[in-house]
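Q: Give me a 3D structure for the following:
(chains A and B)
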Amino acid sequence: MKNTTNQILCLLLFSQLLMAGARQLGTGGVIQIEGSSGSGLIPWATITGYSQEKEIDYNLTYTKVSLNDYKLKVQGFSLGWNNRIELSLAKQKLSAFRLAELTNNPGLAFNQDVLGLKVRLFGDIIYSKAPQISVGFQRKRNRDFQIIQTLGAVNDTGVDVYLSATKLFLSKPFGLNGFINANIRSTNANEIGFLGFGGDLNNKRRLLYELSSGIFINKKTAIGFDYRQKKSQLNAASEGDWKDVFVGYFPNKHLSLVLSYVDLGSIFNLPKQTGWYFSVTGGF
Amino acid sequence: MKHLFLLVLVLFFFPSCKNNNKTTNNSLYNQIGGNEKIVLLVDHLVTILLNDKRISFLFEETNKADFSTLLIVQICHETGGMCKYKGLNMQEAHSGMNINKREFDNFVEDFIIAMDVSNIPFKHQNQLLNIFAPMRKEIIGQ
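A: Coordinates of the predicted model:
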């Protein structure tokens, strides 16, 4: 009896040891649309993957968002080192199939590359009383500036800087593990950069707020929402705040899946851009 | 946006009536199944720790029986059972071991596996983790 128990334990243990960082399941968040670790729409203070001191983690991500008049695809690569530094690359393609029809411009799409860097300044999402605090940069380059320029956008590149605080609460609320994340972001992007940077209405950086919160309902499953404030600076294309409700699933430290329902408001004068968001991340 | 913030704050910070482990009848100790369950949990935990190549070296000079007893009494004490932990405090107990954050995380992972195989439900696991998580700063780097 005792021997069998021991064998089961050793097997269990072995399965947990296959090349993954030391931190606990889910504590690296998932990969958000700009390639940084976070929830669906916004980054968190987390460092991607599960790396702890003297460890390094790599992830590949694919995200697809199907909206009423657009389709967004994101391919991402990210790296987390020592639970301290995160580097990320994301290629985003926002296919504007309705606009393509309307303007008889087949294949119309807005492409953008995002290079991300995040540094954990202090704190630990679980163990410190104060939240984990990180500072992040997202350098964005829009690859379809010719179209966007005609709208009044000023630049094809921009750098977003954000300060992020994330805290997980063990056994709160309802005995489950809740989490809150809040960001403040300095940016001059239009539609996070899909419509370029700076505009005819405003060409200065603004501070925008972002919030995400939810609950781990079991070890592997988190539910929650994101809220991302946005402000219009193009006369020709007003934009609205982004929000979603999500389910994140972490079957093990090597895989995470996200399904969410997003509301991205009006994009390029096409209102009510709601739809499904699906994302898969593999890491080792 | 304001309403969202308020809702979130209320959810997380409104004092819950359930989290009082001090009353004996409703203590976490009784909820998880008392001494019998804690003995089982510690038995599993020690077996896992000693077989975990990442951190088993930390227990090379540990007497398994003494270590188990200390853990049982400490968990009993911290969950509101009728025990009194009189061992070394966490700082003294780990002095000279120089445990780093990674090894601490490895331990937590093993602790969670031990709770799983001891059939301790998720909510009780969270409460147990919540009791021991604040001890991290007294355990690492000593």
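Q: can you pull the contacts of residue A:76?
A: Taking Cβ atoms under 8 Å, 6 or more residues apart in numbering or on different chains, we find residue A:76 in contact with A:31, A:35, A:59-63, A:88-91, A:281. Heads up, the C-betas are built off the backbone N, CA and C, glycines and all.
Q: Which members of those are classed as buried?
A: Among the contacts of residue A:76, those buried by neighbour count (16 or more other Cβ atoms under 10 Å in any protein chain shown) are A:31, A:35, A:59, A:61, A:63, A:88, A:90, A:281.
Q: Are we agreed that the fifth one is in a strand?
A: Yes: with DSSP: H, G, I helix; E, B strand; the rest coil as the criterion, residue A:63 is assigned to a strand.
Q: Tell me which stretches of the stretch 51-200 of chain A form strands.
A: Ranges of strands within the stretch 51-200 of chain A are A:56-67, A:71-81, A:85-95, A:109-122, A:132-142, A:157-169, A:177-187, based on DSSP state E, counting those that start in this stretch.
Q: Quick check: can you name the pairing partners of the fifth one and their directions?
A: Right, strand A:132-142. The strands that strand A:132-142 pairs with in its sheet are strand A:109-122 (antiparallel), strand A:157-169 (antiparallel) (by DSSP bridges).
Q: try the second one
A: Sheet pairing of strand A:71-81 (DSSP bridges) gives strand A:56-67 (antiparallel), strand A:85-95 (antiparallel).
Q: Switch those strands over to JSON lines; also include distance to residue A:41 and mean pLDDT.
A: Converted to JSON lines, the strands paired with strand A:71-81 look like this (distance: least, Cβ to Cβ, whole Å; pLDDT from 0 to 100):
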{"stretch": "strand A:56-67", "distance to residue A:41": "10", "mean pLDDT": "97"}
{"stretch": "strand A:85-95", "distance to residue A:41": "13", "mean pLDDT": "98"}
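Q: okay if I get those strands as CSV plus distance to residue A:39?
A: What follows is the strands paired with strand A:71-81, written out as CSV (distance: least, Cβ to Cβ, whole Å):
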stretch, distance to residue A:39
strand A:56-67, 12
strand A:85-95, 15
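Q: Just give the nearest non-adjacent residue to residue A:257, would you?
A: Closest residue to residue A:257 apart from its sequence neighbours, by Cβ to Cβ, 6 or more residues apart in numbering or on different chains: residue A:249 at 4.6 Å.
Q: In TSV: the strands paired with strand A:132-142, plus mean neighbour count and mean pLDDT.
A: Listed next are the strands paired with strand A:132-142 as TSV, based on neighbours: other Cβ atoms under 10 Å in any protein chain shown; pLDDT from 0 to 100:
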stretch	mean neighbour count	mean pLDDT
strand A:109-122	19	98
strand A:157-169	20	98
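Q: Endpoint to endpoint, stretch B:78-94 covers what distance?
A: 18 Å (Cα to Cα, to the nearest Å).
Q: Give me the contact status of that stretch with chain A.
A: No: on the criterion Cβ under 8 Å from any Cβ of the partner chain, stretch B:78-94 is out of touch with chain A, staying 12.5 Å away.
Q: Please enumerate residues in contact with that stretch?
A: Here stretch B:78-94 makes contact (Cβ under 8 Å, 6+ apart) with B:21-24, B:27-30, B:32, B:34-35, B:38, B:70, B:73-74, B:76-77, B:128, B:131-132, B:135, B:138-140, B:142.
Q: in it, what counts as buried?
A: B:78-81, B:83, B:90, B:94.
Q: try stretch A:213-220
A: Under the neighbour-count criterion of 16+ other Cβ under 10 Å, stretch A:213-220 has A:213-216, A:219 buried.
Q: right, is that stretch up against chain B?
A: Yes: for stretch A:213-220 and chain B, the contact criterion (Cβ under 8 Å from any Cβ) is met by A:213, A:218-219.
Q: Tell me which residues touch the most centrally placed residue in chain A, please.
A: Geometric centre of chain A, nearest residue: residue A:32, 1.5 Å, by Cα atoms, centre = their mean. Residues in contact with residue A:32 (Cβ under 8 Å, 6+ apart) are A:38-43.
Q: any chance you could map the helices in chain B?
A: Here chain B has its helices, by DSSP state H, at B:2-13, B:28-32, B:34-51, B:64-78, B:90-93, B:101-117, B:122-132, B:136-139.
Q: Now mean pLDDT too, for those helices, in TSV please.
A: Formatted as TSV, these follow (pLDDT from 0 to 100):
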stretch	mean pLDDT
helix B:2-13	60
helix B:28-32	96
helix B:34-51	96
helix B:64-78	95
helix B:90-93	92
helix B:101-117	96
helix B:122-132	96
helix B:136-139	94
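Q: Tell me which of those helices sits nearest to residue A:254.
A: Between residue A:254 and the helices of chain B, the tightest spacing by Cβ to Cβ is seen for helix B:101-117, at 14.6 Å.
Q: Enumerate residues external to stretch A:205-213 that contact any of its residues.
A: With contacts defined as Cβ under 8 Å, 6+ apart, stretch A:205-213 is touched by A:38-39, A:41-42, A:44, A:162, A:178-188, A:224-231, B:1, B:4-5, B:8.
Q: Just the buried subset of the residues you listed, written out for PyMOL, thanks.
A: Selecting only the buried entries of the contacts of stretch A:205-213 in PyMOL, with 16+ other Cβ under 10 Å as the criterion:
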select buried, (chain A and resi 38+39+41+42+44+162+178+179+180+181+182+183+185+187+188+224+225+226+227+228+229+230+231) or (chain B and resi 8)
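Q: Please report how far residue A:196 lies from residue A:146.
A: Remark: distance between residue A:196 and residue A:146 (Cβ to Cβ, to the nearest Å) = 10 Å.
Q: Neighbour count for those two, which is higher?
A: Neighbours per residue (other Cβ atoms under 10 Å in any protein chain shown) separate residue A:196 from residue A:146, with residue A:196 holding more: 29 against 8.
Q: quick one: that one and residue A:150 touch, right?
A: No: using Cβ atoms under 8 Å, residue A:196 is not in contact with residue A:150, being 10.4 Å away.
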